[in-house]
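# Need coordinates for the following:
(4 chains)
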2 protein chains.
Amino acid sequence: MTDTATKILDAGQFLIQTRGYSAVSFQNIATKVGIKKPSIIHHFENKCSLGVAIIQRYKSNFAEQLEAIKNDPDKTSWDSLEFYFSPYFHFASTPDQVCLCGALSGEVTALPEEMRIEVKLFMEAHQLWLKEILINGLNKQEMNFDMPPIQLARMIFNSLQGALLVKRSTDDLNQIEDVRRTIIKMLAA
Amino acid sequence: MTDTATKILDAGQFLIQTRGYSAVSFQNIATKVGIKKPSIIHHFENKCSLGVAIIQRYKSNFAEQLEAIKNDPDKTSWDSLEFYFSPYFHFASTPDQVCLCGALSGEVTALPEEMRIEVKLFMEAHQLWLKEILINGLNKQEMNFDMPPIQLARMIFNSLQGALLVKRSTDDLNQIEDVRRTIIKMLAA
DNA sequence: GTCTATACAAAGATAGAC
DNA sequence: GTCTATCTTTGTATAGAC
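Next comes the predicted model:
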């Protein structure tokens, strides 16, 4: 991965998180990187493969960190959950960024099939990770709840994604803070 | 409002709910209505004003129904809440539709300012309506919960919006059904 | 009110010089 | 690896005939 390729991924990811996929052009990305439009093609053969590469990198960055925290014996299930919240709050602290896959979910049917697959895999992986954290919290009696862990995992993931999108549209940080408070209350032992 | 104008609004709304705003063109809409591209301009002066008209109509259709159910003395707060769920489940039963404003939320910063305002107003109105239903449920002792009604209203709205988007991306109806179950459990008296 | 024809800009993508 | 130049398609929008 060359330095320029990384800059293209960075710029593309930022622009998609900020404006969506259809509304982002090679020209936008090139300007942000400081190169000319056709130079992008040298690194990614077309817009779709750039899109796929952006999602895959985003997904694996997340996956690494999620894996690390899951296997750390010093971390409680609450630590893991708070860790999971942190990127959502990071994005919420910016004026215009949302989760990459949340941004794409509004126009998912307009995306090439290869990108749709990546979005789906991202969402499923996150829900499974959350489910494991919840099962762990229950087993260790750090958390308490009375419903199937996968149901709660879906609720947590979907409410965070929704809250981030609604936060950006309304410019109201309460959207995500209230969701966090509600999740914590649902799990309190 | 002429018949053609209505058909243009219908087609435009359906296409935005299905594919987003940036990815929908006058050509797409014209084809769906069965007219030529420039005929749309006769009814809506540009894409932005068509977008605004679509959101405003969507919003006022909702508002009428929400108002009606709120003022019906025969309806319990649970009836009102189930009524609120119904369009989400209707969209979820289609292969590709989400809430109009949920679809727009992923690309909201790419929208013209006039459209952004409408999206924001929609979300705020829905959360206020939910808040009133929750207060009502508490007062009538039909519901029971221990947090600020606006916090719970935000959680409900955001989780439904998120669930619908994630349902479409994953093709998994559990996404929205599990959110509904969790909401109901949170409010159970 | 709808059409044909067209203007103009911007999109994704390619060819080939350097 | 990056550039200029260009191709082709498609986008929004306009002019003017019918």
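# Tell me the helix or strand right after the worst-scoring helix or strand of chain A on mean pLDDT.
The helix or strand of chain A with the poorest confidence is helix A:47-70; it has a mean of 95 (mean pLDDT, DSSP states H and E). Downstream of helix A:47-70, the first helix or strand assigned by DSSP states H and E is helix A:77-93.
# Give me the angle between that next one and helix A:47-70.
140 degrees (axes from the mean of the first three to the mean of the last three C-alpha atoms, to 10 degrees).
# Report whether helix A:77-93 contacts chain B.
No - Helix A:77-93 does not reach chain B (C-beta under 8 Å from any C-beta of the partner chain); its nearest approach is 11.3 Å. All C-beta atoms are positioned from the backbone trio N, CA, C, and that covers glycine.
# helices or strands up against the next helix or strand after that helix?
For helix A:77-93, the following helix or strand on the C-terminal side (DSSP H and E) is helix A:100-105. Secondary-structure packing of helix A:100-105 (3 or more C-beta pairs under 8 Å, 6 or more residues apart in numbering or on different chains; DSSP states H and E): helix A:3-19, helix A:47-70, helix A:113-139, helix A:149-170, helix B:149-170.
# switch the cut-off to 6 Å
If you count contacts as 3 or more C-beta pairs under 6 Å, 6 or more residues apart in numbering or on different chains; DSSP states H and E, helix A:100-105 packs onto helix A:3-19, helix A:113-139, helix A:149-170.
# So which residues make contact with the very next helix or strand once past the shortest one?
The one in question is helix A:3-19. Using DSSP H and E, the helix or strand that follows helix A:3-19 in sequence is helix A:26-33. Contacts with helix A:26-33, where a contact means C-beta atoms under 6 Å, 6 or more residues apart in numbering or on different chains, come from A:Lys7, A:Ile8, A:Ala11, A:Gly12, A:Leu15, A:Lys36, A:Lys37, A:Ile40.
# hang on, the earlier thing: using JSON lines, lay out the helices and strands packed on helix A:100-105 together with distance to B:Asp171, mean neighbour count and mean pLDDT.
Formatted as JSON lines, these follow (distance: least, C-beta to C-beta, whole Å; neighbours: other C-beta atoms under 10 Å in any protein chain shown; pLDDT from 0 to 100):
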{"stretch": "helix A:3-19", "distance to B:Asp171": "22", "mean neighbour count": "19", "mean pLDDT": "98"}
{"stretch": "helix A:113-139", "distance to B:Asp171": "8", "mean neighbour count": "19", "mean pLDDT": "98"}
{"stretch": "helix A:149-170", "distance to B:Asp171": "14", "mean neighbour count": "26", "mean pLDDT": "99"}
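# For A:Asp146, which non-adjacent residue is closest in space?
In space, and not counting its chain neighbours, A:Asp146 is closest to B:Lys185: 7.8 Å by C-beta to C-beta, 6 or more residues apart in numbering or on different chains.
# tally of neighbours for that neighbour?
For B:Lys185, the neighbour count with other C-beta atoms under 10 Å in any protein chain shown is 15.
# Tell me which helix or strand it sits in.
B:Lys185 belongs to helix B:174-187, assigned by DSSP H and E.
# Restricting the selection to alpha carbons, write that helix to CSV.
This file holds the C-alpha atoms of helix B:174-187, laid out as CSV (Å, rounded to 0.1, in the frame of the first residue of the first chain):
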residue,chain,number,x,y,z
ASN,B,174,-35.3,-9.6,12.9
GLN,B,175,-33.6,-6.2,13.0
ILE,B,176,-36.8,-4.4,13.3
GLU,B,177,-38.8,-7.0,15.1
ASP,B,178,-36.2,-7.3,17.9
VAL,B,179,-36.2,-3.5,18.2
ARG,B,180,-40.0,-3.5,18.6
ARG,B,181,-39.8,-6.3,21.2
THR,B,182,-37.2,-4.4,23.2
ILE,B,183,-39.1,-1.2,23.1
ILE,B,184,-42.3,-2.9,24.4
LYS,B,185,-40.3,-4.6,27.1
MET,B,186,-38.9,-1.3,28.2
LEU,B,187,-42.3,0.2,28.6
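# just the angle between that helix and helix B:113-139, please?
Using the same axes, to 10 degrees, helix B:174-187 lies at 40 degrees relative to helix B:113-139.
# what comes into contact with helix B:174-187?
Residues outside helix B:174-187 that contact it (C-beta under 6 Å, 6+ apart): A:151, A:154-155, A:158, B:85, B:92, B:143, B:145, B:156, B:159, B:163, B:166-167.
# can you check stretch A:121-139 too?
For stretch A:121-139, using C-beta under 6 Å, 6+ apart, the contacting residues are A:59, A:66, A:77, A:80-81, A:101, A:143, A:149-150, A:152-154, A:156-157, B:166, B:169-170.
# residues from chain A in reach of DNA strand D?
Contacts of chain A with DNA strand D, taken as C-beta under 7 Å from any atom of the strand, map to A:Thr2, A:Thr4, A:Ile35, A:Lys36, A:Lys37, A:Pro38, A:Ser39, A:His42, A:His43.
# Surely the last one is in contact with A:Thr6?
This means A:His43. No - A:His43 is beyond contact range of A:Thr6, at 9.4 Å (criterion: C-beta atoms under 6 Å).
# which residues touch the most centrally placed residue in chain A?
Central residue of chain A (C-alpha atoms, centre = their mean): A:Cys99, 4.0 Å from the mean position. Residues in contact with A:Cys99, defined by C-beta under 6 Å, 6+ apart, are A:Leu164.
# Pull up the per-residue confidence for it.
A:Cys99 is assigned 98 on the pLDDT scale.
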